[in-house]
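Student: Build me a structure from this.
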Amino acid sequence: MANNSSSSIVQKVWNYCHVLRDDGVSYGDYVEQLTYLIFLKMADERSKPPFKQPSGIPSGLDWQSLLQKDGDALEVHYRHILETLGKEKGMLGVIFRKAQNKIQDPAKLRRLIELINGEVWIGLDIDVKGDIYEGLLQKNAEDTKSGAGQYFTPRPLIKALVEVAKPRPGMTIHDPACGTGGFLLAAHDYISGNYTLDIEQKKALRYNTFSGKDIVDNVVRLCVMNLYLHGIGSDESPIETGDSLISDAGERFDMVLTNPPFGKRSSITIVNGEGKAEKDTLVYERQDFAATTSNKQLNFLQHVKTILKIHGKAAIVVPDNVLFEGGAGETVRRKLLKECDVHTLLRLPTGLFYAQGVKANVLFFDKKPASEKPWTDKLWIYDLRTNAHFTLKTNALSYEDMQDFIKCYNPSNRFERQEAERFKVFTYEELMNRDKANLDIIWLKDDSLEDSANLPEPAVIAREIADNLESALEEFNSIFAELGEEDK
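Tutor: I've put the predicted structure just below:
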């Protein structure tokens, strides 16, 4: 979308957000109401030229019906729309489930409707969670001090990961922590943009390719909105609300692309088939897991391995502790390296996520059939972190920043790779011989440590120090909690 159009709309909705906050409407509530209304407007736009697609919104409950009302009648009708659509079957019912009007002042509701109506949303190539939603989300995170990493993966990163993963027509693609559907939408765009599809393939892409799950109901709503407006899904929603880690549902997928929520520890301990861990909270029984741990990311890594088909491909965002942690972490890594082809690790720079203190990576692996011989032959590591400084506002990651990684990955034939300054290869034997099979490998010299003239801006240094302290504190808290459990 054009930056000038995007920024002007962002400014408009921002200005109006301040007006509503005076009435006690929080950022979160404002985002929710905004997405209901933008969804209705976009569905209306899709029903007109050049799209001429059925909107699926029943007549009398659509965008045009809102434009015809004013005053108290508008507020009553808007409430009626939300309640009625919430009772619909399929994706519409999921989108408007438990929806309530939080903008009680009819004049302010009318103003918001006029503000949205004055823009052509689909023409801007904007999804429901575009620049506006992301800007509001960031403000909400700052306002509540609650971090919003669980909601947002930078779009340039998603695009690059999908490009190297190369989804194909006929695949089943799943995200067990789908958020608002960034990976699923990018995979859809990649397949539809890189392949000439026949009628059956188009049908399969729409109805049988994508699925996801998320534990946050409002996030599922946004994801279903996005898929609906991109023509993905049928009467039944492809996205479920629920905890992916609670059990193995039995379904297997050709590809899993995911960024599980940040936050190191799960409130519920997951126990493998070899014994129970004493804990006051609920316990999940997962016979398919190699290790019992309350570390959420290790559990998601094990879950992704389970739900892949044999020869299925995965790309999963994991924090640094998954690479070096002992105990359950070492068990999971050794088993993964032996039973899967763990072929690529992308070390991400700091400053990409709303959740602070997170140092993350992307692990790429293919699931393989049972074998005595280890499936991992070589792990290629790309370091995008050392001497790279990104921030959410002043120096955001761009798609261009991912080009060298894409080139080094060599998606056309990853078996013909070449080492480069930021791209090194390590054999299975080298990895196994490292203490705890530690994959936290660094070889580049950090220029800022050697040359004071190359120091980044003070704000960047301060942010990195704060991030490191937060990461360390999280590790200490984890160790303390583990020791507490052992004492029981």
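Student: Poorly predicted segments of the stretch 51-200 of the chain, please.
Tutor: Low-confidence segments of the stretch 51-200 of the chain (pLDDT under 70): 122-151.
Student: where do the helices sit along it?
Tutor: For the stretch 51-200 of the chain, helices defined by DSSP state H, counting those that start in this stretch occupy the ranges 63-67, 71-85, 90-95, 106-117, 131-144, 155-165, 182-194, 199-207.
Student: Likewise for the stretch 301-450 of the chain?
Tutor: Counting by DSSP H, counting those that start in this stretch, the stretch 301-450 of the chain has helices at residues 321-324, 328-339, 403-409, 428-433, 447-450.
Student: want to try TSV for the ones you listed, with mean pLDDT as columns?
Tutor: Shown next, in TSV, are these (pLDDT from 0 to 100):
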stretch	mean pLDDT
helix 321-324	94
helix 328-339	96
helix 403-409	98
helix 428-433	97
helix 447-450	61
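Student: Let's have these in CSV, adding distance to K213 and mean neighbour count.
Tutor: Every C-beta, even on glycine, is put in place using the N, C-alpha and C of the backbone. Shown next, in CSV, are those (distance: least, C-beta to C-beta, whole Å; neighbours: other C-beta atoms under 10 Å):
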stretch, distance to K213, mean neighbour count
helix 321-324, 20, 20
helix 328-339, 21, 20
helix 403-409, 28, 17
helix 428-433, 31, 14
helix 447-450, 41, 12
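Student: Which one, of the ones you listed, ends up nearest to E200?
Tutor: Closest to E200 of the helices of the stretch 301-450 of the chain is helix 403-409 (C-beta to C-beta; 30.6 Å).
Student: helices or strands up against that closest one?
Tutor: helix 155-165, strand 378-383 (3 or more C-beta pairs under 8 Å, 6 or more residues apart in numbering; DSSP states H and E).
Student: Could you give the average pLDDT over whichever strand or helix holds Y16?
Tutor: Using DSSP states H and E, Y16 falls within helix 3-21. Here helix 3-21 scores 65 as its mean pLDDT.
Student: Can you give me the distance of R21 to L222?
Tutor: Using C-beta to C-beta, to the nearest Å, R21 is found at 21 Å from L222.
Student: okay, the two: which has more neighbours?
Tutor: L222 (25 against 14; other C-beta atoms under 10 Å).
Student: where's the spatially closest residue to that one that is not a sequence neighbour relative to S47, distance?
Tutor: Excluding its sequence neighbours, the residue lying closest to L222 (C-beta to C-beta, 6 or more residues apart in numbering) is T180, at 4.3 Å. From T180 over to S47 the distance is 23 Å, taken as C-beta to C-beta.
Student: These two - which one has more neighbours?
Tutor: T180 (30 against 17).
Student: May I ask you to confirm that the more buried one is in contact with N226?
Tutor: Yes: using C-beta atoms under 8 Å, T180 is in contact with N226, at 5.9 Å.
Student: So for L308, which of the helices of the stretch 51-200 of the chain sits nearest?
Tutor: Between these, helix 155-165 lies closest to L308; by C-beta to C-beta that is 12.5 Å.
Student: show me the contacts for V317.
Tutor: Counting by C-beta atoms under 8 Å, 6 or more residues apart in numbering, V317 touches T153, T258, N259, P260, L348, A360, N361, V362.
Student: neighbours of the fifth one, just the number please.
Tutor: Burial measure for L348: 26 neighbouring residues, criterion other C-beta under 10 Å.
Student: any idea which of the contacts of V317 is least confident?
Tutor: T153 (82).
Student: Without its sequence neighbours, what residue ends up closest to that one?
Tutor: Excluding the flanking residues, the one nearest T153 by C-beta to C-beta, 6+ apart is N259, at 4.5 Å.
Student: repeat for D288
Tutor: Of all residues not flanking D288 in the chain, T306 sits nearest, at 4.6 Å (C-beta to C-beta, 6+ apart).
Student: How many residues are close by that neighbour?
Tutor: 16.
Student: now swap in the one 4 residues further on and tell me
Tutor: The burial count assigned to I310 is 10, neighbours taken as other C-beta under 10 Å.
Student: For it, give me the pLDDT.
Tutor: For I310, pLDDT reads 98.
Student: which residues touch it?
Tutor: K367, K368, P369.
Student: number of nearby residues for G231?
Tutor: By the criterion of other C-beta under 10 Å, G231 has 14 neighbours.
Student: contacting residues for it?
Tutor: When contacts are counted by C-beta under 8 Å, 6+ apart, G231 touches Q53, R206.
Student: again with F324
Tutor: Taking C-beta under 8 Å, 6+ apart, one finds K436, N438, L439, D440 in contact with F324.
Student: now swap in L348 and tell me
Tutor: Shown in contact with L348 (C-beta under 8 Å, 6+ apart): L157, V317, K359, A360, N361, V362, L384, R385.
Student: partner residues bridging the fifth one?
Tutor: Counting by DSSP bridges, N361 is bridged to V318, R347.
Student: Just give me the neighbour total for it.
Tutor: Count around N361 with other C-beta under 10 Å applied: 22.
Student: If you compare the directions of the helix or strand that V224 is a member of and helix 182-194, what angle comes out?
Tutor: Counting by DSSP H and E, the element that carries V224 is helix 217-229. Orientation check (axes from the mean of the first three to the mean of the last three C-alpha atoms, to 10 degrees): helix 217-229 against helix 182-194 gives 10 degrees.
Student: outside of the helix or strand just after helix 217-229, which residues touch it?
Tutor: Using DSSP H and E, the helix or strand that directly follows helix 217-229 along the chain is strand 239-241. The contact list for strand 239-241 (C-beta under 8 Å, 6+ apart) reads 94, 178, 181, 211-217, 220, 223-224, 227.
Student: filter the residues you listed to the buried ones?
Tutor: Burial by neighbour count, 16 or more other C-beta atoms under 10 Å: within the contacts of strand 239-241 this picks out 94, 178, 181, 211-216, 220, 223-224, 227.
Student: ok, and the most crowded of the contacts of L348?
Tutor: Tallying neighbours with other C-beta under 10 Å puts V317 at the head of the contacts of L348, with 28 neighbours.
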